[in-house]
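**Q** Pasting the sequence and the predicted model now:
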Amino acid sequence: MRRLALLLASLLPLAAQADPAAAGPLTVATQDYKIAAVPMPTVAYPIDIWGQVWYPEDLAKGPYPFVFLLHGNHGICRAPGSMVDLGTTSFPPNCPPGQVQTPNHAGYDYLARRLASHGYIVASMNANAINVRANGNPERGQVVVEHLRYWQAWNSPAGGEPFGTMFSGKVDLQNIGLMGHSRGGEGVRAALEFNRQAGRPFGIKGIIEIGPVDFGRTTSPTLVTTGNPVYDAADTAWSVILPSCDADVSDNQGMRAFDRAFQITETAGPTPKSQLYILGANHNFYNSEWTPEDPGFSCIDFPIITDRPQQEAIGTVYVNGFMRTYLGGEKFQYLFHGDSDQPTSIRTPVAHSYAETPARNLLIDNFQGAFSPMNTLLGGPNATGNIAAVRCIDTGCRNPPPAAWRHDPGQAAVRLDWPDGGTGTPYYAIHVGPDGGGPRDVSAYALFSFRVAAAFDPKNPVIESQNFSLRMVDATGAVSKLIPVTNYKAIPYPTGYGFRRSVLRTVRIPLADFAGVDFKQLTRVDLIFDKQPQGALFLADVLFAPARP
C-alpha cells in the first residue's frame with residue numbers, strides 16, 4: 001500500500017480543469033437503422049448496414065459534425081434478456097435458435113448521448129456480421145466507409161430509407177470524427193486509408209482509438225489469417241487510449257501506432273498525435289454491453305478499476321474532449337499533451353505521450369541511426385560519465401528478459417544504466433549544436449521534449465518514481481539551474497496485465513524554466529543522474545517543440 005500511495009501522489013492531478021464530460025444544453029433523440037443484406041466486395045456474404053444514431057432533437061440548427069463509432073471483437077449471440085454471450089456461428093451474423101444478436105454497438109450510448117447534447121450527430125455501427133472472425137480489420141474499415149456512403153445519401157436533398165429527408169443537409173460529412181475500440185481501432189485506421197485512396201470524399205478530421213490492435217505489425221498465425229497492411233494515422237488528429245490492465249490486448253498494441261505517428265510526414269497539414277496510458281483501466285469496461293469483465297481482471301502492483309462507471313467516465317472525458325477539440329474547435333488540448341492537470345473526474349493516473357507533426361519540431365535525436373547514442377542526429381558527439389548508454393531497437397530493447405518492451409519494431413531508444421562501475425555522478429550529455437561542436441539557435445521553440453520509460457530492472461525503485469535532473473549549457477559556458485524531471489512527470493516502475501511493460505511517456509519542459517542560458521547559442525542538454533543511486537531508463541525522441549496549443 002505504501003508504494004501505491006506514493007505512486008498516486010506523484011501522478012494524480014492537483015487541480016481541476018474544464019471537464020468535457022459535462023452534459024450539453026441540447027435535448028437528444030436516438031433511432032436504430034438497418035439496411036439488410038448489402039453486398040460487400042471483400043466479404044463472402046451480404047452484411048447488414050446496422051447502427052444506432054444519436055442527434056440533437058432540434059435538427060434545424062444543423063449541419064452538425066458527424067462522429068462514427070466502431071466496436072471490436074466480441075460475442076454476437078446471447079439469450080433474450082441476458083448480458084452473457086453464449087454462442088456464435090461460422091457464418092455471422094446468424095445465431096443459434098433461441099438466441100438473439102448482441103447489441104455491441106449500443107455499448108457506447110454513454111459516450112454518444114453526451115456528445116450529441118453538445119451538437120454532434122453520432123452513429124455507432126454494429127459489426128456482428130464481420131465479428132468473431134480471424135483478423136477482418138481491413139473489412140471493418142471498408143464497412144465503415146460503406147456506412148459513410150449511406151449517410152451521404154441520407155444527407156442529400158432526396159434522403160432515403162429509413163430516415164426519409166430527416167437528415168437532409170443536417171450532417172457535416174466534411175467534419176467527421178471516428179472512434180474505434182479494440183479491433184475497431186485498427187478498423188477506423190483502415191477506413192482512414194480507404195478514404196485517402198478514394199480521394200478523401202469524406203473529411204475525417206480526427207480519430208481516437210481505445211485499446212486497439214495493430215495486426216499489420218503482428219505475425220502470429222493464430223491472430224492473422226488474412227492480409228492486413230500496416231495502417232497509420234497520417235493527415236488527421238489522432239489519439240490512442242491504452243488501458244494499462246488490458247487483459248485482451250495485453251501488449252498494448254496501440255502504442256506501436258503512436259510510435260509510427262511520431263515519424264509520419266504529413267501532406268494535408270499539421271495534425272497532433274497523442275497516447276493516453278490509463279493506469280488501472282481494463283479493456284471491456286469501455287463498452288457497457290461487454291460482460292463479464294476482462295479475463296483475469298487483475299494488474300501487477302496496481303489496482304484494476306472495478307467500478308464500470310468510473311472507467312466510462314474516463315472514456316467520456318477523452319472521447320468527448322477529443323471530438324469537441326478537433327471537430328468542434330473547443331479548447332481541450334490539455335487533455336492530450338499532458339502539460340496541465342487532468343479534470344477531477346479522472347481519478348486514476350494517466351501517462352501522456354504527445355507529438356505535434358514532425359515538421360513543427362526540431363528533432364535532436366530519435367536514435368534511429370546506427371551512430372547513436374554517442375552522436376546525435378543533428379549534433380556532435382555526446383558524452384557520458386559513469387553510465388552505460390546503449391542504442392536499442394525492436395528485440396534489442398528486450399534485454400534482460402522478460403521482454404517488457406512492446407513498442408513498434410521501428411521505435412529506437414537509448415538505454416541508460418547507472419552506475420557503470422566508475423566514480424562520480426552519472427551523466428549523459430546530449431550535444432544539440434551542429435556536428436563539429438558549434439551552438440544551435442533554439443530560441444524559436446518553447447519546449448524541450450523527450451520520451452522516457454523505466455526499464456523492468458531491479459536497479460529501479462519499485463516504491464517510488466525514478467528521477468534525475470536536467471540542465472542546459474550554452475556556447476559561453478553558462479549553465480542553467482538543475483531541474484528534477486519529476487517536477488513535470490513521474491517515471492514509475494512498469495506495470496501491466498500478465499507482464500510488466502515499459503511504456504514511453506513524454507516529458508515537456510518549458511525552455512523558460514532553464515533560466516540563465518542563451519537559447520540562441522545552445523550547445524548541449526545534460527541529464528544528471530543525481531537523484532537515485534542506481535537505475536535503468538529508456539530515452540527516445542529528444543526534440544524542441546513549439547508552444548503548446
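**A** Looks like it came in fine. Residues are numbered from 1 along each chain as shown.

**Q** where does the stretch 201-350 of the chain dip in pLDDT?
**A** Along the stretch 201-350 of the chain, segments meeting pLDDT under 70 span 218-227, 269-270.

**Q** Break down it into its helices, ranges please.
**A** Ranges of helices in the stretch 201-350 of the chain, per DSSP state H, counting those that start in this stretch, are 254-261, 308-326, 334-337.

**Q** for those, which one sits closest to W50?
**A** W50 lies closest, by CB to CB, to one member of these: helix 308-326, at 21.4 Å. Every residue, glycine included, has its C-beta placed from N, CA and C.

**Q** Quick test: name the residue nearest the centre of the protein.
**A** V240 (1.8 Å; CA atoms, centre = their mean).

**Q** quick revisit: and the helices of the stretch 201-350 of the chain, which is most packed in?
**A** When those are scored by mean count of other CB atoms under 10 Å, the highest mean neighbour count falls to helix 254-261 (a mean of 25).

**Q** hang on, the earlier thing: identify whichever of the helices of the stretch 201-350 of the chain lies nearest to D420.
**A** Among the helices of the stretch 201-350 of the chain, helix 254-261 comes nearest to D420, with 27.8 Å by CB to CB.

**Q** Can you tell me which helices and strands the closest one packs against?
**A** In terms of contacts (3 or more CB pairs under 8 Å, 6 or more residues apart in numbering; DSSP states H and E), helix 254-261 is packed against strand 237-243, strand 273-278.

**Q** the inter-axis angle of it versus strand 237-243?
**A** For helix 254-261 against strand 237-243, the angle by axes from the mean of the first three to the mean of the last three CA atoms, to 10 degrees is 150 degrees.

**Q** picking that back up, looking at the helices of the stretch 201-350 of the chain, which is nearest to F66?
**A** Minimum separation from F66 across these (CB to CB) falls at helix 308-326, 9.9 Å.

**Q** State the pLDDT value of G498.
**A** Confidence at G498, expressed as pLDDT, is 90.

**Q** Count the residues that sit near the nearest residue to it once chain neighbours are set aside.
**A** Spatial nearest neighbour of G498, excluding adjacent residues (CB to CB, 6 or more residues apart in numbering): S250 at 5.0 Å. When counting by other CB atoms under 10 Å, one arrives at 20 neighbours for S250.

**Q** Could you measure from S250 over to S274?
**A** Distance, S250 to S274, by CB to CB, to the nearest Å: 22 Å.

**Q** Just tell me which of the helices of the stretch 201-350 of the chain ends up closest to L70.
**A** Of all the helices of the stretch 201-350 of the chain, helix 308-326 comes closest under CB to CB, at 12.3 Å.

**Q** Return the list of helices and strands in contact with the closest one.
**A** helix 109-116, strand 171-181, strand 204-210, strand 237-243, helix 334-337.

**Q** Same list (the ones you listed) but as a markdown table, adding distance to G496.
**A** Shown next, in a markdown table, are the helices and strands packed on helix 308-326 (distance: least, CB to CB, whole Å):
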| stretch | distance to G496 |
| --- | --- |
| helix 109-116 | 25 |
| strand 171-181 | 19 |
| strand 204-210 | 17 |
| strand 237-243 | 10 |
| helix 334-337 | 22 |
